[in-house]
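Asks: sequence first, then the predicted structure:
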Amino acid sequence: MYKCLLIFILSVLCINAVYSKASGVDTSFFYYKFNLRGYESAGSRSTATRDSADYIRMIISPDSGKRLYNIKEVYMDGKLKLVGQAEPTGHIKENIIIFQGSCITFFTNGRRKSITNYFNGKRSDLEYSYYPTGKLYNVKKYFPNSLSTDVRYVECYDKNGNQIAKDGRGHWISYDGNFENIFIQGEIKNGRQEGEWTGSTMDSDSIKFSYVYKKGEFVSAKGIDKTGKIYPFKKTAEPAYYDGSFEAFRASLIRKIIIPKGADRGRLLNPLEIKFTISGEGSITNLTITGTSDTTIATAALQFVKDNKNWKPRLYYGIPISSKITIPLGEKNNYGSHGYWEEVEFGAKEQLAE
């Protein structure tokens, strides 16, 4: 029955695509790539070409006599990823979507993943989530307001189909993106998190953590590294940073570089990038410079960074971990207002308790 329904939906999708071309129905296409392949929960980003995409979003003009635009997403093998509708705002052609009404998502295996109701772009009323096997996973209820959306935990089922939470009371399990390991679990009462919820990142650093809630409100949290040391925290992840004025640090670094007479300062500095690793202990390693073959320039710049001790490591569940830093020395850079870029070394799956 379900396979027949899916085939029907895909057939309708193909018919719509043909109809769009034949009748002049306006359809816009956008391409997306997952941030972490295999873990859709880690989000996705737009990509310019179809060849590098993991799925395609289609924004189709409203059906005859209807007001809402049709939104469809398909994986690159043609399987359906999402079906929904959106408000006809002035920015919808720019891929700014305000979902309205029922929206259905699907796993890569073709099975239904969730049924979500939206009101003015926010989740509203009951949401049903499913396991990749097709069994019901959980039910939540959303209460949107002007500033945010309140959520209540209603029902939860284990992988065998046993109900472990009912009417907002019982045990709740949140899995990793592939439903292979438990990410975090704990008790709910009156539809809210209650007491201690424990979990693990299941990555190479083997970080364990726990959150304490009272009537759904966050009370405290702690991370536990593989040696058993405890680190209290308030934010799941905090990036590495320069403790002081980064602009002053960068300006001093550039002043260490001697510009040869007659050289174009901009052309000399623009390709230069300093790269290094900040360890969990705060030390700088793997220090390199790219964009120059001048050993005098490289030596001066690298020595300045090596002598500077004001960098603080990234924190993940309160635990200091290694990360890579890139500092562009040119006037133009793609790293935002902070002027440097951080990359975490291990494949951390950053998720929050659902």
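Replies: Everything's here; your move.

Asks: so where's the stretch 201-350 of the chain uncertain?
Replies: For the stretch 201-350 of the chain, the stretches with pLDDT under 70 are 203-205, 262, 266, 331-338, 345-350.

Asks: which residue ranges form the helices in it?
Replies: Assigned helices in the stretch 201-350 of the chain, in chain order: 246-255, 265-269, 295-307 (criterion: DSSP state H, counting those that start in this stretch).

Asks: ok, and what's touching the shortest one?
Replies: What it means is helix 265-269. Applying Cβ atoms under 8 Å, 6 or more residues apart in numbering, the external contacts of helix 265-269 come out as 254, 257, 259, 292, 329-331. For every residue, glycine as well, the C-beta is placed using N, CA and C.

Asks: got it, and the first one?
Replies: Taking Cβ under 8 Å, 6+ apart as the criterion, the residues outside helix 246-255 that touch it are 242, 269, 274, 301, 304-305, 308, 310, 327, 329, 338-340.

Asks: kindly report the same for the longest one.
Replies: The set of residues external to helix 295-307 that reach it, using Cβ under 8 Å, 6+ apart, is 252-253, 256-258, 272, 274, 276, 284, 287-289, 292, 327, 329.

Asks: next, give me the two most distant ones among these.
Replies: Farthest-apart pair in these is 258 and 284; separation 22.8 Å (Cβ to Cβ).

Asks: mind checking which of those two has more residues around it?
Replies: residue 284 (17 against 11; other Cβ atoms under 10 Å).

Asks: with adjacent residues omitted, what lies nearest to that one?
Replies: residue 276 (5.1 Å; Cβ to Cβ, 6 or more residues apart in numbering).

Asks: make JSON lines out of the helices of the stretch 201-350 of the chain and add mean neighbour count and distance to residue 32.
Replies: Shown next, in JSON lines, are the helices of the stretch 201-350 of the chain (neighbours: other Cβ atoms under 10 Å; distance: least, Cβ to Cβ, whole Å):
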{"stretch": "helix 246-255", "mean neighbour count": "14", "distance to residue 32": "32"}
{"stretch": "helix 265-269", "mean neighbour count": "14", "distance to residue 32": "35"}
{"stretch": "helix 295-307", "mean neighbour count": "15", "distance to residue 32": "37"}
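
Asks: how far does stretch 301-317 sit from the chain's center?
Replies: Its chain's average C-alpha position is 26 Å from that of stretch 301-317, according to Cα atoms, centre = their mean, to the nearest Å.

Asks: then that stretch to CSV, C-alphas only?
Replies: The C-alpha trace of stretch 301-317 is given here as CSV (Å, rounded to 0.1, in the frame of the first residue of the first chain):
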residue,chain,number,x,y,z
ALA,A,301,55.0,36.2,10.5
LEU,A,302,55.2,32.7,11.9
GLN,A,303,57.5,33.7,14.7
PHE,A,304,55.0,36.4,15.8
VAL,A,305,52.1,34.0,15.9
LYS,A,306,54.2,31.4,17.8
ASP,A,307,55.2,33.9,20.4
ASN,A,308,51.6,35.0,21.0
LYS,A,309,49.8,33.1,23.8
ASN,A,310,46.4,34.7,23.8
TRP,A,311,44.5,32.0,21.9
LYS,A,312,41.8,30.0,23.7
PRO,A,313,40.7,26.6,22.6
ARG,A,314,37.3,25.5,21.4
LEU,A,315,34.9,24.1,24.0
TYR,A,316,32.6,21.2,23.2
TYR,A,317,30.3,20.3,26.0
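
Asks: what about the closest residue to residue 58 other than its chain neighbours, how many neighbours?
Replies: Closest residue to residue 58 apart from its sequence neighbours, by Cβ to Cβ, 6+ apart: residue 72 at 4.7 Å. A total of 21 residues lie near residue 72 under the criterion other Cβ under 10 Å.

Asks: so in terms of bridging, what pairs with residue 72?
Replies: residue 58, residue 83 (DSSP bridges).

Asks: so residue 137 sits against residue 113, correct?
Replies: No - the criterion here is Cβ atoms under 8 Å, and residue 137 misses it with residue 113 at 9.2 Å.

Asks: anything in contact with each of these two?
Replies: 129-130.

Asks: one step back: which one of the helices of the stretch 201-350 of the chain lies nearest to residue 49?
Replies: With Cβ to Cβ as the measure, helix 265-269 is the member of these nearest residue 49 (30.3 Å).
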